[in-house]
Structure formats: structure tokens, C-alpha cells
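Novice: Quick check, what structure comes out for this input:
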Amino acid sequence: MRHGKKFNHLSRKTAHRAAMLANMACSLILHKRINTTVEKAKALRVYVEPLITKSKEDTTNNRRVVFSYLKDKYAVTELFKEVSQKVADRPGGYLRIIKLGNRQGDNASMAMVELVDYNPNYNPKGTKKAAKTRRSRAKKTTETAVETPSAPAAE
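Specialist: Residues are numbered from 1 along each chain as shown. The predicted model follows:
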């Protein structure tokens, strides 16, 4: 029985799941955005966010711990140099999952996973772009309206 076990096994054995999540995490760190299924995206969030939190403090032990998860020295370097600088003031919630619809072949629900601070379209600092004015048809006034002649009264 699986009482109280909320971990999604993704229909894989432990070694396969760990390798898959490590590869996806490395791709996410290096490319800042990946497309995957919604379930894998949710599992990836649980896997990556503690690693990003560890990267905020650059110590030898933290680098070794993160490397034991990722097993890619380029991804670890990128995480500790660039990503940790961008998320230094953020208290959590480093990933954003955006649902994309269903995949053509097997109808699996797809999602895009991205690092929050790397998307310029969402503008995380809170400064909004200037609002565009909507153009609408000018309202007709009585002076510009063309008056129609009234019909002659019936006698």
C-alpha cells in the first residue's frame, strides 16, 4: 500500500528516474527553458528548487552536494555563477510551469518549464510597460451628424 506516499515515480525505476531528472535539470540550467510533460515538470520542480537554493551560498560543500545530483560540471558552474546571481533576492519559486496543450502523437499534456528570472516578457521587477491606448471610432456629435429630411406629413 502507498499510504502517505506522495512522490510521483513517473513509471520508472529509481535509477532511471534519477538519471532522467538529472538530465532534465542540467538542460534547464543550461538552456533556461525546456518543454516536457506536465508530470515530469512537477517532479523536476521538486528536484531543482532545493539545488538552486543551495547555489545561493557558494561553498565547496554546496558545490559537491549539487554535483552529486546533477553530475555535470558545466551545469554546476552555470548554476553557481549566473543563476544564483539572478535569484539571490528571491525566497523561492524559481521555476514557472506553463501548460502548452496536448502532444500530437500520444495526447500527453505538455508544459514549458522555465527559470522565472530569465523571461523578459513577464517582467519580474513589477514595472509595467506603458499601456497602449485603444483606438475607437469617434463618437458622432449633433454638429457632424448629417440630418435626414423629415418625411412629408400625410394630408
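
Novice: Only C-alpha atoms from now on, for both contacts and neighbour counts.
Specialist: Noted.

Novice: doesn't residue 35 fall inside a strand?
Specialist: Yes. Using DSSP: H, G, I helix; E, B strand; the rest coil, the assignment for residue 35 is a strand.

Novice: which non-adjacent residue is nearest it?
Specialist: Leaving aside its sequence neighbours, residue 35 sits nearest to residue 112 (CA to CA, 6 or more residues apart in numbering; 4.4 Å).

Novice: the bottom helix or strand of the chain by mean pLDDT?
Specialist: helix 84-86 (a mean of 94; mean pLDDT, DSSP states H and E).

Novice: neighbouring contacts of it?
Specialist: 52, 55-56, 117 (CA atoms under 8 Å, 6 or more residues apart in numbering).

Novice: which of the residues you listed has the weakest pLDDT?
Specialist: For the contacts of helix 84-86, the weakest pLDDT value sits at residue 117, with 89.

Novice: And the helices in this structure?
Specialist: Listed in chain order, the helices of the chain (DSSP state H) span 14-31, 38-55, 60-70, 73-78, 84-86.

Novice: mind listing what the residue nearest to residue 35 touches?
Specialist: 33-36, 41, 96-100.

Novice: likewise residue 57?
Specialist: Contacts of residue 57 by CA under 8 Å, 6+ apart: none found.

Novice: Pull up the gap between it and residue 84, please.
Specialist: According to CA to CA, to the nearest Å, residue 57 and residue 84 sit 8 Å apart.

Novice: try residue 60
Specialist: For residue 60, the distance to residue 84 equals 15 Å [CA to CA].

Novice: In the sheet, which residues pair with the residue positioned nearest the centre of the chain? Tell me.
Specialist: Nearest to the mean C-alpha position of the chain, by CA atoms, centre = their mean, lies residue 96 at 2.7 Å. Under DSSP bridges, the beta-bridge partners of residue 96 are residue 114.

Novice: OK, contacts around it?
Specialist: Residue 96 touches 112-116, counting by CA under 8 Å, 6+ apart.

Novice: With respect to residue 15, which of the residues you listed is nearest?
Specialist: When the contacts of residue 96 are compared for distance to residue 15 (CA to CA), residue 113 wins out at 22.7 Å.

Novice: can you count the residues close to the residue nearest to that closest one when sequence neighbours are not counted?
Specialist: Once flanking residues are discounted, residue 113 sits nearest to residue 97: 4.7 Å by CA to CA, 6+ apart. Number of residues near residue 97 (other CA atoms under 10 Å) recorded here: 20.
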